[in-house]
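> Compute the structure for the input listed below.
(chains A, B and C)
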Amino acid sequence: MRIIVCIKQVPGTNEVKIDPDTNTIIRENVPAIINPFDTYAIEEAVRIKERAGAEVYGLSMGIPAAAEMLKEAISLRIDKGILMTDRKFAGADTLATSYALSKGIEKIGEFDLIICGKQATDGDTAQVGPSLAGALGIAYATDISKIVEIKPDKMHCLKITDDGYEEIEIKLPALITVVKEINMPGLPSIKSMKAATNSKIEILTFEDINADENRLGLKGSPTQVRKTFVPVHEANNEMIEGTLDEKAGKLSEILLKLRTEVK
Amino acid sequence: MDNNTFIKMYGEYLRDESRQVGNAESIAFPKTEAEIISTVKEMSRKDIQITTQGARTGLAASAVPYKGHIINLSKMNKVTGARYDEEKDSFFLTVQPGVLLSELRKYISNKSFNANNWDEQSVNALKYMEKNQWFYSTDPTETSASMGGIASCNASGAKSYRYGSAREHITGLRVVLADGDVLNIKRGQYIADGDSKFHIATESGREIKGQLPKYKMPDVRKNTSGYYNMPGMDMIDLFIGSDGTLGIISEIEIELSKTQKVNWGVTIFMPDEDKAVDLVRALRQEITVDNINLELNPSAIEFFSHNALCMLRDQQKTNAAFSNIQEIKDIYHTAVYIEIESDSNDEVWTEIEKLGDVINGLGGNEDETWVAYNPANLEKLHYFRHACPECVNMQIDNIKKTDNRITKLGTDMSVPDNKLKDAMKMYNEGIEENNLTAVIFGHIGNNHLHVNIIPQNMSEYKKGKELFLIWAGKIAAMGGAVSAEHGVGKLKVPFLKKMYNEEELNEMRKLKKLFDPAQIFNRGTIFEFEEDVK
Amino acid sequence: MASIDIIKDKCVGCRRCVGACPFGAIEIVEKKAAIKDACTLCGSCVESCKFNAINFARDETVKHDLSEYKGIWVFAEQRYGKLKTVSLELLGKAGELSAQLNVSVTAILLGHGIDNLADELIACGADEVLLMDDDRLNDFNDHVYGEAIIDLIGEYKPEIVLVGATSKGRSLAPHISSALKTGLTADCTALGIDIESKLLVQTRPAFGGNLMAEIICPNNRPQMATVRPKVFKPLEPDYNRKGKITKIKKQPAEGLVKLVRNIDNAEGLTLSDAEIIVSVGRGMGSAKNIRLAKELADVLGGALGSSRPVVDMGWMPYSQQVGQTGKTVAPKIYIACGISGAIQHLAGLADIDTIIAVNQDPDAPIFKVADYGIVGDVNEILPALIEKLKKSAK
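Below is the predicted model:
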């Protein structure tokens, strides 16, 4: 069995400081990390490998420096890291990203399962997983919280929804996106870190994949950012002071008033 | 106020984390040193005994009063000044005894102090703090401990393997004596001479002269069993770890350490206990494996016994509170945890690679390790470490429902390096012979393990207590210390008797009387007086 | 190829763009900005430059004939024969947008035995309902629903397709947009029409809600968006409203994923539906104290949420976690009990009218975003508050 895990490098924090003069964002050079949701995807793939035997590939599209991140993924016990990097891939929205990934996966060849994190913390779109499944024409299910059983031709999962859970059966090959609840990612071992240090990340550029340039990167992205702005949530910032009884009294008045407005 | 009303209002001040309950007639919460002095003078005049308290997190009942008056220092909770030594590039803070460790850590990491009443020198010193990140290296697990308590029992913690105990970082003390006079001692100011004679001057100019006792302290890495005593010692060390028996600490100057850039943690699972101890010895550079020269210099070396891992594994399956610990595989037998601080990731990694080879060389498997090299992952390992005592407490709480006299039974003894295996053998045999349930974890780098007996009933509880006393005797015979970091307090008075004979204890009593002639401070702590025993 | 270039003559080395780059891809070399390899062509820097010194060269994209695309579609999500509120909210908004474009609003209703819902959709603003009733559509299924809608879009060619950002909507929409090779904007919190270009302007939070972005899809159709529940108000149902119901007779595709069974949450009120959420953090002290917050939520008729550490410690189930790795919520009132307010938690708070925070630590970041704050022990304040609320209820 071969499992491909899609991994994205994201900024370590979403904290945004605003320059009061220019009203633009100031972002310190925050360290890049593996998208937190992708760590659950990696762990789940590795668990399948340990349980049933599988070959786990990590696939990422990003800047050349993302190779280091893939090495980190190898320290988390995936077998191989593949990085798609080319200026032609840059500026991609979710459609162009999933198209490019689908071409990278075609290049890899056979696979049984693709696991993605539910979403990336820098974009929060949760669209690349389902879009990629669409581009590959395979079955998919989002928000998987448990893999109950996996067989060569199908798998049995729990999917978290707004209303609870769904127990589902998916035909393989398929793509799933996973939520935090699915597992507790383990730490690397000295052995797996040594493996990462000695590993070589395979690089795929535009030349290596059989893709239509018009569908890649900024050019292949239907959506455009027209402008960005800092949301204004003017907090009232009123501190309620007094004795315990006074505090509780004032807050209950505020709540009762607000609640009548809500209803 | 009659006694019932007192107990109703202030009952909580009659106990501490040892779960012992004492008795007292009155209590005061001084806010200044002057208030301590006037209370002490009044009590001395009336010949009323005083028990001093901080945050009451102690495990040896030092803060539990027998009778008389309680001086609770929780309201003296300010950082009162700062000092920078340019020559040594060292930074110092002056704190009141009621400052909590957790508060202090917050102030230091935020570099934010309420400096309204500070003198100019202190305010000026603050700007030197900006140059570096600093931290206070004494790290007892209980962060709601008070600084006065930490000084009084010479607390330590996991990182004492590298940084030493509280003693090593206290550079000044103010101590209120029984007559209301104050000692203001700086480290390096009063050193005992070659004949073990010493003298200390009080603020009012009185000279206190004395002779150090003859007893020898055990040659161990961690010890807080009775008064510190060493030829040519700095006299400030007598007061650190004296459990409040000589006076009341009203101010402490501590030295901060510089935070290093990177902090790694590694949990290593070894196939049996013997191999785990060998790994510890390799980490301490006592033995070499396959000619590998390991220079890891860990700040902490901790241990988790097989039973401790089994307990955690069981809890993990049933208790959601432990579900965020990664899977403890069945093949994991015994664990050693180390933490490394350094200024370079590359340097640490080079050593960790060697560590992997050492683990393999000892018959372990470098794949059976958890490595954390960033704060988020390190927190996972900390969570795992804290889960052990937490688990024990939860089980004790459950047993308490069947018999509320049962309390936690935990040892705090340390031995010299070459006796580590003997001590562990003794613990394991004792537990097995008495058919008790116990988990062992703690600071193995300092040969200091906490054996936690989980008694299932009152008879096991009694058996455990008896066993502890037997162990205290054997540990003393090995040249060990009966208390390594919690202090003797009142609970371990019988243990200390196994370490020192009556003559030696009398030397301690004599020393106490030199500073506290009427023995009003924390009577019954470290040792009893004959008249009390009767 | 598309590129971002610094016009050296205009650049003064002011560093504004360095700060604006989310990827740390700009540095100042010899007093001029320089774009490094890490650039993702996101365009954040272009706006930050006050000297027009950054040139964003987009490639000429392939033009499609867009003129035949007309009308606004709303996916009418239903479960157990009941419409999701967000679908009705979207119909209301679609009505506003359609007036500006002078087009009609169509609801897409898929399911089995749900004819009666078509009237409700018309009453809530649909001019037409495309109804597909089939046994295979009984349960929601990404593939079956997706393929059916792809077909319909190909046939009817709407210019805009709106889908509620529910768990099903967010799973379904990318399948459709991917097949149609068009743009999809996730989780929008505002929608508008640009008067000049007649384009749909889709506003969505970026970087955990710290930044808002306006997204357009100029060259592809339909323009697709998933939209957060509760940002728009549904119309008051008017059953006199006239509309057309068109039944689609087509055999839906076979599913690749089979629903074995539904395991619904026992509690009636979900976090995404709740108008009031009482949320608990580490400051509650212990698992048993959480009943206080539950009681407050019950008294107020709200739902119980939690911060991540509380879920990690096993005090609350993951389904109730609010924040970056949990759920994004948009109640009217959010009461944070013993929650410090780490950035990851705040990322889960969408458009909330009033945030109330109770925390022991006066420096807790939650107070910076709170409309009302109380410094104190939650375990003392909650019982007192519950008592007051109960009294005034009498």
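
> Just grab the bridge partners of residue A:171 for me.
For residue A:171, the beta-bridge partners are residue A:154 (DSSP bridges).

> ok, it - contacts?
Shown in contact with residue A:171 (C-beta atoms under 8 Å, 6 or more residues apart in numbering or on different chains): A:139, A:153-154, C:256-257. Where you see a C-beta, it was placed from the backbone N, CA and C, and this is true even at glycine.

> low-scoring stretches of the chain, by residue?
In the absence of a named chain, chain A is used. Within chain A, the stretches with pLDDT under 70 are A:13-30, A:232-233, A:262-263.

> my question was about chain C
C:1, C:60-63, C:267-268, C:394.

> Near chain B, which residues of it? Just list them.
Counting by C-beta under 8 Å from any C-beta of the partner chain, chain C comes close to chain B at C:287, C:312-315.

> buried subset of those?
Buried by 16 or more other C-beta atoms under 10 Å in any protein chain shown: C:312-313, C:315, out of the residues of chain C next to chain B.

> Just the ones of those in helices?
residue C:312 (DSSP state H).

> Could you point out which of the buried ones among the residues of chain C next to chain B is nearest to chain A?
residue C:312 (9.3 Å; C-beta to the nearest C-beta).

> Leaving out chain neighbours, which residue sits closest to the closest one?
residue B:324 (4.5 Å; C-beta to C-beta, 6 or more residues apart in numbering or on different chains).

> Also residue C:331?
Nearest non-adjacent residue to residue C:331 (C-beta to C-beta, 6+ apart): residue C:277, at 4.5 Å.

> Each with direction, which strands does the helix or strand harbouring that neighbour pair with?
Using DSSP states H and E, the element containing residue C:277 is strand C:276-280. Strand pairing for strand C:276-280, determined by DSSP bridges: strand C:303-306 (parallel), strand C:333-337 (parallel).

> Show residues contacting the longest one.
Outside strand C:333-337, the residues within contact range by C-beta under 8 Å, 6+ apart are A:255, A:258-259, A:262, C:275-281, C:283-284, C:292-293, C:296, C:300, C:302, C:349, C:352-359, C:366, C:370, C:378, C:382.

> Roughly how far does residue B:252 sit from residue B:148?
As judged by C-beta to C-beta, to the nearest Å, residue B:252 and residue B:148 stand 7 Å apart.

> and for the two, which residues touch both?
In terms of C-beta under 8 Å, 6+ apart, residue B:252 and residue B:148 are both contacted by the residues B:96-97.

> check contacts around the residue nearest the centre of chain B.
Nearest to the centroid of the C-alpha atoms of chain B, with distances taken as C-alpha atoms, centre = their mean, sits residue B:155, at 2.6 Å. Going by C-beta under 8 Å, 6+ apart, residue B:155 touches B:138, B:140, B:145, B:149, B:165-166, B:224, B:485-486.

> go with 6 Å
Contacts for residue B:155 (C-beta atoms under 6 Å, 6 or more residues apart in numbering or on different chains) come out as B:138, B:140, B:166, B:485.

> Tell me the secondary structure of it, please.
On the three-state scheme (DSSP: H, G, I helix; E, B strand; the rest coil), residue B:155 is labelled coil.

> Show the pLDDT at it.
pLDDT for residue B:155: 95.

> Show the backbone phi and psi for it.
The phi and psi values for residue B:155, taken as degrees, to the nearest 10, are phi -60, psi 160.

> With adjacent residues omitted, what lies nearest to it?
Excluding the flanking residues, the one nearest residue B:155 by C-beta to C-beta, 6+ apart is residue B:140, at 4.6 Å.

> which of the contacts of residue A:171 are buried?
Buried, going by 16+ other C-beta under 10 Å: A:139, A:154, C:256-257, out of the contacts of residue A:171.

> Among those, which one sits closest to chain B?
Minimum distance to chain B across the buried ones among the contacts of residue A:171 is 26.1 Å, recorded for residue A:154 (C-beta to the nearest C-beta).

> just to revisit the earlier point, how about a markdown table for the contacts of residue B:155, with distance to residue A:57 and pLDDT added?
Below are the contacts of residue B:155 laid out as a markdown table (distance: C-beta to C-beta, whole Å; pLDDT from 0 to 100):
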| residue | distance to residue A:57 | pLDDT |
| --- | --- | --- |
| B:138 | 48 | 96 |
| B:140 | 47 | 92 |
| B:166 | 52 | 97 |
| B:485 | 50 | 94 |
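
> can those go into TSV with extra columns for secondary structure?
Below are the contacts of residue B:155 laid out as TSV (three-state DSSP):
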residue	secondary structure
B:138	coil
B:140	coil
B:166	helix
B:485	coil
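
> CSV please, covering those residues and showing neighbour count.
Listed next are the contacts of residue B:155 as CSV, based on neighbours: other C-beta atoms under 10 Å in any protein chain shown:
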residue, neighbour count
B:138, 28
B:140, 21
B:166, 29
B:485, 28
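
> so which of those residues comes closest to chain C?
Minimum distance to chain C across the contacts of residue B:155 is 20.8 Å, recorded for residue B:140 (C-beta to the nearest C-beta).
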